[in-house]
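Enquirer: Here's a sequence, model it:
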Amino acid sequence: MFDLPSVGSRYWSDGEPFVVREVDESTDPTTVHLEHDDAFADEVRAAMPAGHWLDGGRSSSDGRWHFTVVPEGGRPFGLWFGDTLDDALGQATAAANERASAAG
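Expert: Residues are numbered from 1 along each chain as shown. Below you'll find the model as predicted:
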């Protein structure tokens with residue numbers, strides 16, 4: 001089992017950025033309450049090349065984060081992993097920008 005996220009930390013689920021609003025350990029299994037984070041979404045959009053977005057999340061088996069890049073009207077590419085959300089997001093964002101720059 002991996003560590004639960006802390007209240008106030010950023011989280012990613014179902015292709016969307018969130019902030020952890022509450023962790024309810026009185027339930028079985030523990031329930032993590034998420035709230036969509038518009039500021040986080042804006043940061044990710046600003047870091048990505050135009051027409052690109054990220055899809056990914058956290059593995060329920062080992063807690064590692066994973067992301068793929070989804071270009072508008074194109075095929076998703078790449079799969080980047082990280083032990084932290086920031087690490088996996090950073091790798092995917094950098095790869096998307098590198099590929100966009102190479103395409104001209």
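
Enquirer: So the residue nearest to the spatial centre of the chain versus Ser6, what's the distance?
Expert: Computing the C-alpha centroid of the chain and ranking residues by Cα atoms, centre = their mean puts Trp12 first, at 4.2 Å. Relative to Ser6, Trp12 is positioned 15 Å away (Cβ to Cβ, to the nearest Å). No exception for glycine: its C-beta is placed from N, CA and C like everyone else's.

Enquirer: circling back to that earlier point, number of residues surrounding the closest residue to the residue nearest to the centre of the chain other than its chain neighbours?
Expert: Spatial nearest neighbour of Trp12, chain neighbours left out: Gly57 (5.4 Å); criterion: Cβ to Cβ, 6 or more residues apart in numbering. Residue neighbour count, defined by other Cβ atoms under 10 Å, stands at 17 for Gly57.

Enquirer: Who is Gly57 paired with across the strands?
Expert: Counting by DSSP bridges, Gly57 forms beta bridges with His66.

Enquirer: got the contact list for it?
Expert: Going by Cβ atoms under 8 Å, 6 or more residues apart in numbering, Gly57 touches 12-15, 65-66.

Enquirer: and which of those residues is nearest to Glu22?
Expert: Glu22 has its nearest neighbour among the contacts of Gly57 in Ser13, at 14.6 Å by Cβ to Cβ.

Enquirer: Columns pLDDT and distance to Leu89 on top of the contacts of Gly57, output as a markdown table?
Expert: As requested, the contacts of Gly57 are arranged in a markdown table below (pLDDT from 0 to 100; distance: Cβ to Cβ, whole Å):
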| residue | pLDDT | distance to Leu89 |
| --- | --- | --- |
| Trp12 | 94 | 8 |
| Ser13 | 90 | 13 |
| Asp14 | 84 | 15 |
| Gly15 | 85 | 13 |
| Trp65 | 95 | 8 |
| His66 | 96 | 10 |
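
Enquirer: Good, we can wrap up now.
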